[in-house]
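*Asks:* With the sequence up front, the predicted model follows.
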Amino acid sequence: MSTGDFSGSESYLTDGDALRLLGNGRLEVAGRLVEASNLTLYCTVTLEGRSAACVYKPVRGERPLWDFPDGTLAAREVAAYEVSAATGWRIVPPTVYRDGPYGPGMCQLWVEPNREVDLVALVRSRNDPALRRMAVYDAVVNNADRKGGHLLPLRDGHIFGVDHGVCFAAEDKLRTVLWQWRGKPLLRESVRVLARLERDLDDGPLGRRLRELLTLREVTATWERVRRLLDTGVHPGPSGDWPAVPWPAI
Ligand SMILES: Nc1ncnc2c1ncn2[C@@H]1O[C@H](COP(=O)(O)OP(=O)(O)O)[C@@H](O)[C@H]1O
Ligand SMILES: [Mg+2]
């Protein structure tokens, strides 16, 4: 499958090519993203004459959090990519776990967003199919930080999501700006994708891969969240015992 136009990065890179480049290319740090809360580095990665921009977050640069075990955020980001790839929804840009100049960490393809999109209006939209799929995806991965700035709308209408370090807690921690479909029936296409995910998590390559990246309890809880979505058939609402919206929201 083609990753489409990663303007500012290498265009027409397939996801497979991107993963190979990210995993095996020479990683060079070009700068630091100052608005980031962890050590998040803007890099170039080069292999056999091809290069692309990427984000590299070394485990060593992770800020300790009270509610997630230390040193686990990079693996959670890779797990988030694996779930995205299994859905076929292309929500997370290609992401790998690899060594780099500051030690092991996650490395993710840079995607250049359309900066003219009004993020406040976007997060309120009820009609955007990409956003609605993302709401389902976030419920699956238990995303605790889906804010407007973690949405990267492209010029072609596709929307990528980034910063999935605080996903996959075993307890419900869904914290998002995308509650507009709560209680609404899941679209048929989402149900189909969830049914496939359920099997893949239970007894397929996705379950095996996630068990390398997360604890067994976290993988089981992911499967349970998918089951719950299929059983209720609706988009979930806030649980009530956890702040439902991230701060700041954009
Ligand atoms: N793959 C990416 N492509 C383009 N921009 C990105 C990508 N990853 C992160 N960014 C940008 O960098 C900002 C900081 O990255 P983020 O992943 O949120 O870091 P942190 O974990 O430190 O909050 C994001 O809000 C987004 O604007
Ligand atoms: Mg962030």
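*Replies:* Structure's in. What do you need? Ligands and ions are numbered 1, 2, ... in the order given.
*Asks:* Would you mind listing what in the protein touches ligand 1?
*Replies:* When proximity is defined as CB under 6 Å from any ligand atom, the chain approaches ligand 1 at 33, 35-38, 40, 55, 93, 108-111, 149-150, 152, 162-163, 165. Heads up, the C-betas are built off the backbone N, CA and C, glycines and all.
*Asks:* ChimeraX command to pick out the buried ones of those residues?
*Replies:* With 16 or more other CB atoms under 10 Å as the criterion, this ChimeraX line picks the buried residues out of the residues of the chain next to ligand 1:
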select :38,40,55,93,108,109,110,111,149,150,152,162,163,165
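*Asks:* and the residues of the chain next to ligand 1, which of them are in helices?
*Replies:* Here DSSP state H is the test, and these give no hits in helices at all.
*Asks:* mind listing which of the residues of the chain next to ligand 1 are in strands?
*Replies:* 55, 108-109, 152 (DSSP state E).
*Asks:* Now do the domain split for this structure, please.
*Replies:* 3-109, 119-232 (automatic domain parsing).
*Asks:* got a markdown table for the ones you listed, with distance to V245 and mean pLDDT too?
*Replies:* Shown next, in a markdown table, are those (distance: least, CB to CB, whole Å; pLDDT from 0 to 100):
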| stretch | distance to V245 | mean pLDDT |
| --- | --- | --- |
| domain 3-109 | 16 | 91 |
| domain 119-232 | 6 | 97 |
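*Asks:* Would you reformat the ones you listed as TSV and include distance to G240?
*Replies:* Listed next are the domains of the chain as TSV, based on distance: least, CB to CB, whole Å:
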stretch	distance to G240
domain 3-109	17
domain 119-232	10
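*Asks:* Please enumerate the helices of this protein.
*Replies:* Per DSSP H, the chain carries helices over the ranges 15-24, 73-87, 119-124, 129-141, 188-203, 205-213, 216-232.
*Asks:* can you tell which of those is closest to R175?
*Replies:* Nearest to R175 among the helices of the chain is helix 129-141 (9.1 Å), distances taken as CB to CB.
*Asks:* who does the closest one touch, helix- and strand-wise?
*Replies:* helix 73-87, strand 159-161, helix 188-203, helix 216-232 (3 or more CB pairs under 8 Å, 6 or more residues apart in numbering; DSSP states H and E).
*Asks:* Identify whichever of these lies nearest to P246.
*Replies:* Taking these one by one with CB to CB, strand 159-161 is closest: 12.9 Å.
*Asks:* tell me which strands and helices that closest one is in contact with?
*Replies:* helix 129-141, strand 151-153.
*Asks:* mind giving me JSON lines with the helices and strands packed on helix 129-141 and columns for mean neighbour count?
*Replies:* JSON lines is the format used below for the helices and strands packed on helix 129-141 (neighbours: other CB atoms under 10 Å):
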{"stretch": "helix 73-87", "mean neighbour count": "23"}
{"stretch": "strand 159-161", "mean neighbour count": "22"}
{"stretch": "helix 188-203", "mean neighbour count": "17"}
{"stretch": "helix 216-232", "mean neighbour count": "17"}
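*Asks:* sorry, back to before: can you list the helices and strands packed on strand 159-161 in CSV and add distance to Y12?
*Replies:* Shown next, in CSV, are the helices and strands packed on strand 159-161 (distance: least, CB to CB, whole Å):
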stretch, distance to Y12
helix 129-141, 20
strand 151-153, 18
